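> Okay, sequence plus prediction incoming.
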Amino acid sequence: MNTQAVLNVSPQGQLTIPKEWRDILGITKGKKIYANLNKQYHTKTVTLSPEPVSWAQYSAGLCKEIWKGVNIKKYIKKQRAEWDEK
C-alpha cells in the first residue's frame with residue numbers, strides 16, 4: 001500500500017496526520033511519533049514513524065551485515081581483554 005496526502009501546516013506549526021493513516025499505524029492520542037529529516041543534495045524528506053511497541057523487537061537484526069564474517073566470540077574476548085588492560 002502506498003498513499004500520499006497533502007498536509008496543511010496550522011498557524012502553530014502543527015500537522016494533522018490523516019485518520020486512515022493513524023488507524024493503520026496504531027497512532028492514538030499521546031503516542032510518540034519519531035521524525036527523521038534526510039537532506040541529500042537538493043532533496044529534503046521527512047519520515048514519520050510510530051514508536052515501536054518493543055524497542056528490542058524493533059532493533060533485532062539491525063546492522064547485521066556489519067558483523068558478517070566476524071567471529072563474535074573472538075571479538076568479545078578481545079574487547080574484554082582491552083577493558084582489563086585499562
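Yes, it's here.

> those helices in the protein, which residues are they?
Using DSSP state H, the helices found in the chain span residues 19-25, 55-59, 72-85.

> tell me the mean pLDDT over the last one?
Spelled out, that is helix 72-85. For helix 72-85, mean pLDDT is 90.

> looking at this structure, which helix or strand is least sure?
Every helix and strand of the chain was ranked by mean pLDDT, DSSP states H and E. The lowest is helix 55-59, at a mean of 83.

> Dump that helix to PDB, restricted to CA.
Provided in PDB are the C-alpha atoms of helix 55-59 (Å, rounded to 0.1, in the frame of the first residue of the first chain):
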ATOM      1  CA  TRP A  55      12.500  -1.400  21.000                       C
ATOM      2  CA  ALA A  56      14.200  -4.800  21.500                       C
ATOM      3  CA  GLN A  57      12.000  -6.400  18.800                       C
ATOM      4  CA  TYR A  58      12.400  -3.300  16.500                       C
ATOM      5  CA  SER A  59      16.200  -3.300  16.700                       C
END
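
> if we can go back for a sec, so which of the helices of the chain is nearest T43?
Between T43 and the helices of the chain, the tightest spacing by C-beta to C-beta is seen for helix 19-25, at 22.4 Å. Where C-beta positions appear, they are placed from N, C-alpha and C, glycine not excepted.

> Now do the contacts for I24.
Residues in contact with I24 (C-beta atoms under 8 Å, 6 or more residues apart in numbering) are M1.

> I'd like to know how far the residue located most distally from the centre of the chain sits from I72.
If you look at how far each residue of the chain sits from its centre, by C-alpha atoms, centre = their mean, the farthest one is E85, at 36.0 Å. According to C-beta to C-beta, to the nearest Å, E85 and I72 sit 21 Å apart.

> Please apply the same query to T3.
Counting by C-beta to C-beta - T3 and I72 are separated by 41 Å.

> now Q40
Counting by C-beta to C-beta, the gap from Q40 to I72 is 33 Å.

> Kindly report the same for K44.
Distance from K44 to I72, by C-beta to C-beta: 38 Å.
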